[in-house]
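Visitor: quick one, structure for this:
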Amino acid sequence: MAKTAQQPKSKRSVELMLAEDVAALGKQGEIVQVRRGYARNYLLPQGLATLANEHNKRMVEKHRERQADVAEKRLVDLKKLAETISKYSVTIEAHANAEGHLYGSIGAGDISKQLKSAGYPVEPDHVKLEGPLKELAMYTVKLQLHPEIESEVKVWVVPAAGGT
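Guide: Below you'll find the predicted structure:
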């Protein structure tokens, strides 16, 4: 009796591999069981899925391996960058009063701009400041280049050439 219950279900469903993320169904590369009509009328014509044959499964697995290799290489490169940046210091000139208080402030964008001009690809959202820098001083600023990779850079805020 259990055989007959399973047999009609397999006739009404088809095994597909998702080519794209599909809400409430699965992520790209996953193998899913869907009704034939849903596959024939929506998933296949829209290019959201393909038949889950051995060739397609191998292709997806090769693609995942290539993406994992690329991600691993990027991680190694970011670790090298973090190590190099930690030995570098940024000097930013700013106008300040006699007590050393800046007329403006130094933010993540200013630090990122200086690092980029030195050849380090650091975006403003990588710079983690607790608040803007408002005094002439030396600061140690945290950088988060990747969720797993953090670094620090020394930032010197010095008086602008031409006086205060």
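
Visitor: check contacts around the spatially most central residue of the chain.
Guide: Within the chain, the residue whose C-alpha comes closest to the C-alpha centroid is H146; the distance, by CA atoms, centre = their mean, is 6.9 Å. Contact analysis of H146 by CB atoms under 8 Å, 6 or more residues apart in numbering lists L75, L78. To be clear about C-beta, it is placed using only N, CA and C from the backbone, and glycine gets the same treatment.

Visitor: look up how far A71 lies from it.
Guide: Shown here: H146 relative to A71, a distance of 10 Å by CB to CB, to the nearest Å.

Visitor: beyond the helix or strand M59 falls within, next helix or strand please.
Guide: Under the assignment given by DSSP states H and E, the secondary-structure element containing M59 is helix 54-86. Scanning forward in sequence from helix 54-86 by DSSP H and E, the next helix or strand is strand 89-94.

Visitor: what's in contact with that following strand?
Guide: So strand 89-94 is in contact with 102-104, 106, 110-111, 114-115, 118, 136, 153-161, going by CB under 8 Å, 6+ apart.

Visitor: so what's the residue count around V90?
Guide: 23 (other CB atoms under 10 Å).

Visitor: give the helix, strand or coil label for the closest residue to L143 other than its chain neighbours.
Guide: Counting by CB to CB, 6 or more residues apart in numbering, L143 lies nearest to S151, which is 4.6 Å off, once chain neighbours are set aside. Secondary structure, DSSP: H, G, I helix; E, B strand; the rest coil: S151 is strand.

Visitor: count the neighbours of S151 for me.
Guide: 21.

Visitor: check L44 too.
Guide: There are 16 residues near L44, going by other CB under 10 Å.

Visitor: how much space between it and A52?
Guide: When CB to CB is applied, the distance between L44 and A52 equals 12 Å.

Visitor: between these two, which contacts overlap?
Guide: With CB under 8 Å, 6+ apart, L44 and A52 have common neighbours L16.
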